[in-house]
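A.B. asks: build me a model:
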Amino acid sequence: MHKPPRRQPRPIVLALLAYGFAPGRRCERASYRRPRNRDNGDMAEDLPGPHQLRRVNHEFVQYIRRDCPKRAWRGEGRWPLVATAALLRMCDTVDSTMAVMAKRKLGDARSLLRSLYEQVVVFSWVSIDPPVHLKAWDGDAKRQQLKLHRAALAFGQIILTPRQVADYSTAPELPPTEVMALAADKHWPSRVEGLHSAGLLSFHGLYQHVYRLGSRSTHSSIAALDPM
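C.D. replies: Numbers count the residues shown, from 1 in each chain. Predicted coordinates for the structure are as follows:
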């Protein structure tokens with residue numbers, strides 16, 4: 001019986017995995033060590049080394065950027081244009097993450113990785129049903145702008161017109177990030193080879209040890225001062 005080929009980890013998570021940002025993992029400065037504890041299941045098998053990390057992320061970024069700029073057609077709607085811009089922004093975040101990780105700025109890397117994870121989850125969720133979900137993504141930006149407008153009023157600044165205030169007040173909202181991650185796990189693994197529907201390498205699994213741990217550095221938790 002032939003052993004089935006091992007699925008490769010997605011490029012978007014390599015920055016976390018190669019340097020051991022998962023709970024309880026310590027990263028050595030000079031070398032990378034794979035964990036011997038098999039309790040992590042497929043995560044223990046899929047961890048890449050630093051050289052593989054740099055190579056795969058470089059290939060991922062080049063794969064996206066080589067097709068840009070792209071021609072946009074009005075009849076296709078907004079999604080192709082928005083999707084291309086979102087992917088290019090992810091490429092920039094990957095580059096920034098790799099740059100700070102090379103200098104061992106792990107706190108900054110965690111914050112960037114958290115941002116990258118959120119970008120990927122939102123993109124994956126909107127991609128499930130672009131005509132419907134893009135409206136929620138738009139609406140979420142409007143609601144954030146409305147909050148800024150209301151806060152700025154205390155400083156004598158006016159950002160939105162009365163018509164915009166009325167429009168933005170009824171705009172739809174994005175679901176919570178964790179909810180979008182669960183939806184992505186339900187929809188995409190059966191359609192895209194290499195994605196995990198469950199476990200630590202699923203969208204929801206990554207929420208636990210990328211988004212939550214990254215929140216420590218992002219929100220200046222005292223826990224972020226711990227080098228682990």
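A.B. asks: element containing the residue positioned nearest the centre of the chain, please.
C.D. replies: The chain has Y117 as the residue nearest its centroid, 1.7 Å off, counting by Cα atoms, centre = their mean. Element membership of Y117, judged by DSSP states H and E, is helix 106-128.
A.B. asks: same question, V61
C.D. replies: Here V61 sits within helix 50-65, counting by DSSP H and E.
A.B. asks: now do the helices in this structure.
C.D. replies: Using DSSP state H, the helices of the chain run over 14-18, 42-46, 50-65, 79-102, 106-128, 130-153, 162-169, 177-187, 203-206, 212-218.
A.B. asks: need those helices in a markdown table with mean pLDDT and distance to L195, can you?
C.D. replies: From N, CA and C alone the C-beta is placed, and that goes for glycine too. Compiled in a markdown table, those are given as follows (pLDDT from 0 to 100; distance: least, Cβ to Cβ, whole Å):
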| stretch | mean pLDDT | distance to L195 |
| --- | --- | --- |
| helix 14-18 | 36 | 14 |
| helix 42-46 | 49 | 12 |
| helix 50-65 | 85 | 15 |
| helix 79-102 | 92 | 16 |
| helix 106-128 | 94 | 9 |
| helix 130-153 | 97 | 18 |
| helix 162-169 | 97 | 35 |
| helix 177-187 | 97 | 8 |
| helix 203-206 | 95 | 8 |
| helix 212-218 | 89 | 21 |
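A.B. asks: of all the ones you listed, which one is nearest A72?
C.D. replies: A72 lies closest, by Cβ to Cβ, to one member of the helices of the chain: helix 79-102, at 4.7 Å.
A.B. asks: between helix 50-65 and the closest one, find me the angle.
C.D. replies: 160 degrees (axes from the mean of the first three to the mean of the last three Cα atoms, to 10 degrees).
A.B. asks: export helix 79-102 to PDB, keeping only CA atoms.
C.D. replies: In PDB, the C-alpha atoms belonging to helix 79-102 read as follows (Å, rounded to 0.1, in the frame of the first residue of the first chain):
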ATOM      1  CA  TRP A  79     -14.800  41.600  -6.800                       C
ATOM      2  CA  PRO A  80     -11.900  40.800  -9.200                       C
ATOM      3  CA  LEU A  81     -10.400  44.300  -8.600                       C
ATOM      4  CA  VAL A  82     -10.900  44.100  -4.800                       C
ATOM      5  CA  ALA A  83      -9.600  40.500  -4.700                       C
ATOM      6  CA  THR A  84      -6.400  41.500  -6.500                       C
ATOM      7  CA  ALA A  85      -5.700  44.400  -4.200                       C
ATOM      8  CA  ALA A  86      -6.300  42.300  -1.200                       C
ATOM      9  CA  LEU A  87      -3.900  39.600  -2.400                       C
ATOM     10  CA  LEU A  88      -1.200  42.200  -3.100                       C
ATOM     11  CA  ARG A  89      -1.700  43.600   0.400                       C
ATOM     12  CA  MET A  90      -1.200  40.100   1.800                       C
ATOM     13  CA  CYS A  91       2.100  39.900  -0.100                       C
ATOM     14  CA  ASP A  92       3.300  43.100   1.400                       C
ATOM     15  CA  THR A  93       2.400  41.800   4.900                       C
ATOM     16  CA  VAL A  94       4.300  38.500   4.200                       C
ATOM     17  CA  ASP A  95       7.400  40.600   3.100                       C
ATOM     18  CA  SER A  96       7.200  42.700   6.300                       C
ATOM     19  CA  THR A  97       6.800  39.700   8.500                       C
ATOM     20  CA  MET A  98       9.800  37.900   7.000                       C
ATOM     21  CA  ALA A  99      11.900  41.100   7.400                       C
ATOM     22  CA  VAL A 100      11.200  41.500  11.100                       C
ATOM     23  CA  MET A 101      11.500  37.800  11.800                       C
ATOM     24  CA  ALA A 102      15.000  37.800  10.200                       C
END
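A.B. asks: perfect, that will be all.
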